[in-house]
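1. what follows is a predicted protein model with its sequence.
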Amino acid sequence: MGAETDIQDITGELNDAVRESGMKNGVVTAFMVGSTGAVTTMEYEPGLKKDIPRALEVFAPSGIPYEHHKTWGDSNGKSHVRSALIGCSLSVPFVDGRLVLGTWQQAVALNLDTSARKREIVLQVLGE
Amino acid sequence: MGAETDIQDITGELNDAVRESGMKNGVVTAFMVGSTGAVTTMEYEPGLKKDIPRALEVFAPSGIPYEHHKTWGDSNGKSHVRSALIGCSLSVPFVDGRLVLGTWQQAVALNLDTSARKREIVLQVLGE
Amino acid sequence: MGAETDIQDITGELNDAVRESGMKNGVVTAFMVGSTGAVTTMEYEPGLKKDIPRALEVFAPSGIPYEHHKTWGDSNGKSHVRSALIGCSLSVPFVDGRLVLGTWQQAVALNLDTSARKREIVLQVLGE
């Protein structure tokens, strides 16, 4: 994933996980592994991919000092703060084999780190 | 639901879903369908129903331009941003048939859109 | 837990719950009981334990009036607002008996109230 709040649509992966489970009714949990990413839902369109990072700048701005930087000599304090506040787990129910997402609602993974990196997302399907 | 961050107490619906499932121990997942709503927990009282929208104005203000508006000619960019940051899924455990919510803690659904609309919330109960 | 955004690492409790369940694959849900706490994940290190509270000051500052204070004569309006926006539920998958948390990622409980208090967190394990 790219740097500076790259957002990826992972709805297809959730659909695949549900289908491969063979289950009809349940919940798929998507979990972002690591402390500088996040998962949530949004309408996945180019405008919001700019609007959301701008909002993240409000509560965890770039270019200010973070105590985290003193601990490791890192420079991604804002990434960590944003991850903790958005959250790393998302639970989406499915009914009759279909995710209950809205028409304009996608499951997304956010790379909030200051450099591009491959992010690992674990999907766990529970139900029957 | 009304416009401008209408907040509704959905605890009763969660309780009903658990009771109707006949299960004793498990988790109920509440999911907000659509990208301009959210679910969370709060003390459901009139003061906080004003305080929370005010906080949402900080990171996704009304009256500023959003890139989202260019995509569709919409005017609810703030609603989408708020939804993505608060989140659309909530998981509440139940034990011995009772939700583990605190005495002053309710499950709530937020309509963050700029106009009143009926919101769909899906409840999925897993357990035994 | 201490006052003013005390953050506690609860990863050990999640690990214990999974192990005691005897399950190999599933999801553990951690739920914060009460409307002035929260749960999330973060790299649990001293710097971020200061950076995250500072970010919370942005959208729910100390020292401003809250409507909540009028309802009960309380003074912890900010605590409630922060709780609702961060969230009280966290779902972490486990695979082959191990939580899928990243190496530098811990499950944490936040006491957001204005005074120290013991917080109750309920863990529910589902899977097989």
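-> Thanks, I have it.

2. what does chain A put close to chain C?
-> Within reach of chain C by CB under 8 Å from any CB of the partner chain, chain A has these residues: A:29, A:31, A:33-35, A:58-60, A:66-72, A:77, A:80-81, A:83-85, A:87-89, A:91, A:120, A:122-124, A:126. C-beta: built from backbone N, CA, C; applies to glycine.

3. now, of the residues you listed, which are buried?
-> With burial judged by 16 or more other CB atoms under 10 Å in any protein chain shown, the buried subset of the residues of chain A next to chain C is A:29, A:31, A:33-35, A:59-60, A:66-68, A:77, A:80-81, A:83-85, A:87-89, A:91, A:122-124, A:126.

4. what about chain A, any weak spots by pLDDT?
-> For chain A, the stretches with pLDDT under 70 are A:1-4.

5. what parts of it come near chain B?
-> Close to chain B, as judged by CB under 8 Å from any CB, chain A has residues A:25-27, A:40-43, A:45-52, A:55-56, A:58-59, A:85-87, A:90-93, A:95, A:100-102, A:104-105, A:108, A:126-127.

6. can you say which of the residues you listed are buried?
-> Buried members of those, counted by 16+ other CB under 10 Å: A:26-27, A:40-43, A:45, A:47-49, A:51-52, A:55-56, A:59, A:85-87, A:90-93, A:100-102, A:105, A:108, A:126-127.

7. inside helices: which ones of the residues you listed?
-> Using DSSP state H, the subset of those located in helices is A:48-49, A:51-52, A:55-56, A:59, A:85-86.

8. can you map out the strands along chain A?
-> According to DSSP state E, chain A carries its strands in the segments A:6-9, A:26-32, A:37-42, A:89-95, A:98-99, A:106-111, A:121-127.

9. find the nearest non-adjacent residue to the most centrally placed residue in chain A, please.
-> A centroid search over chain A (CA atoms, centre = their mean) returns residue A:39, at 2.0 Å, as the residue closest to the centre. Leaving aside its sequence neighbours, residue A:39 sits nearest to residue A:90 (CB to CB, 6 or more residues apart in numbering or on different chains; 4.4 Å).

10. thought the one you found was touching residue A:37?
-> No. Between residue A:90 and residue A:37 there is no contact under CB atoms under 8 Å: 11.8 Å.

11. what sits against the spatially closest residue to residue A:96 that is not a sequence neighbour?
-> Leaving out its chain neighbours, the residue that sits closest to residue A:96 by CB to CB, 6+ apart is residue A:24, at 5.9 Å. Residue A:24 is in contact with A:94-97, A:127-128, counting by CB atoms under 8 Å, 6 or more residues apart in numbering or on different chains.

12. contacts only, for the residue of chain A most remote from its centre.
-> Residue farthest from the centre of chain A, counting by CA atoms, centre = their mean, is residue A:70 at 26.6 Å. Neighbouring residues of residue A:70 by CB under 8 Å, 6+ apart: residue C:47.

13. any idea how far residue B:105 is from it?
-> Applying CB to CB, to the nearest Å, the value for residue A:70 to residue B:105 is 36 Å.

14. likewise residue A:103?
-> Using CB to CB, residue A:103 is found at 32 Å from residue B:105.

15. before we move on, the earlier item: for the contacts of residue A:24, which one is nearest chain C?
-> residue A:127 (9.8 Å; CB to the nearest CB).

16. skipping its backbone neighbours, what lies nearest that closest one in space?
-> Closest to residue A:127 by CB to CB, 6+ apart is residue A:26, at 1.6 Å.

17. what sits against the one you found?
-> Residue A:26 is in contact with A:18, A:93-94, A:125-128, B:124, B:126, counting by CB under 8 Å, 6+ apart.

18. quick one: the closest residue to residue A:84 other than its chain neighbours from chain B, how far?
-> Leaving aside its sequence neighbours, residue A:84 sits nearest to residue C:42 (CB to CB, 6+ apart; 4.2 Å). Going from residue C:42 to chain B by CB to the nearest CB, to the nearest Å gives 16 Å.

19. go ahead and confirm residue C:42 touches residue C:52.
-> Yes. If you go by CB under 8 Å, residue C:42 and residue C:52 touch, sitting 6.9 Å apart.

20. overlap in contacts, the two.
-> With CB under 8 Å, 6+ apart, residue C:42 and residue C:52 have common neighbours A:84, C:7.

21. tell me who's in contact with the nearest residue to residue A:74 once chain neighbours are set aside.
-> Closest residue to residue A:74 apart from its sequence neighbours, by CB to CB, 6+ apart: residue A:68 at 6.2 Å. With contact set as CB under 8 Å, 6+ apart, residue A:68 has these partners: A:74, A:76-77, A:80, C:43, C:45, C:47-48, C:51.

22. chain center to stretch A:16-24: distance?
-> In this view, stretch A:16-24 has its centroid 21 Å away from the chain centroid, taken as CA atoms, centre = their mean, to the nearest Å.

23. next one: the nearest residue to residue A:85 once chain neighbours are set aside from residue A:83, what distance?
-> Nearest in space to residue A:85, with sequence neighbours left out and distances taken as CB to CB, 6+ apart, is residue C:86 at 6.1 Å. Remark: distance between residue C:86 and residue A:83 (CB to CB) = 12 Å.
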